[in-house]
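# got a structure for you, letters missing:
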């Protein structure tokens, strides 16, 4: 049993779409974590969705049941390390992804994502389904 995993934006979308592989993976997780940046990204996507109200209700329920990882001074320190290491390796990531990686590293949680760019973040374990 895995104690806690963080969900990336694409994992939330897959979860709400009923992806069986992801559902099976998450059955062994005691608690989910949601980086606050991911919640913001998903809410931006909701603005364009014709299923806005239904998906917003699902997101609100998920947020209520998860540990929300918020940005603080520790995150800023983690962000600086992640960003500089990526720059030194010539592997830049979108800003939001750097913040998501920093939050996961700070809190010691693996990130559930299909985004392969996270594989370039030192000290971050990426879980796919």
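That came through, no problem. Keep in mind that what you see is a predicted model, and the values were worked out from it rather than measured. Residues are numbered from 1 along each chain as shown.
# for this structure, which helix is longest?
helix 73-88 (DSSP state H).
# Name the surrounding residues that touch that helix.
Here helix 73-88 makes contact (CB atoms under 8 Å, 6 or more residues apart in numbering) with 92-93, 98-99, 101-103, 105-106, 120-122, 124. Where you see a C-beta, it was placed from the backbone N, CA and C, and this is true even at glycine.
# Likewise for stretch 99-115?
2, 4-8, 10-11, 14, 22, 25-26, 33, 35-38, 69, 71, 74-79, 81-83, 93, 97, 118, 121, 123-129.
# Check stretch 1-13 too.
15, 22, 26, 28-35, 38, 41-42, 45, 59, 62, 66-67, 69, 100, 103-104, 107, 109-115, 118, 127, 129.
# Which of these are buried, as a PyMOL select command?
Here is the PyMOL command that picks out the buried ones among the contacts of stretch 1-13, judged by 16 or more other CB atoms under 10 Å:
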select buried, resi 15+22+26+29+32+33+34+35+38+41+42+59+62+66+69+100+103+104+107+109+110+111+112+113+115+118+127
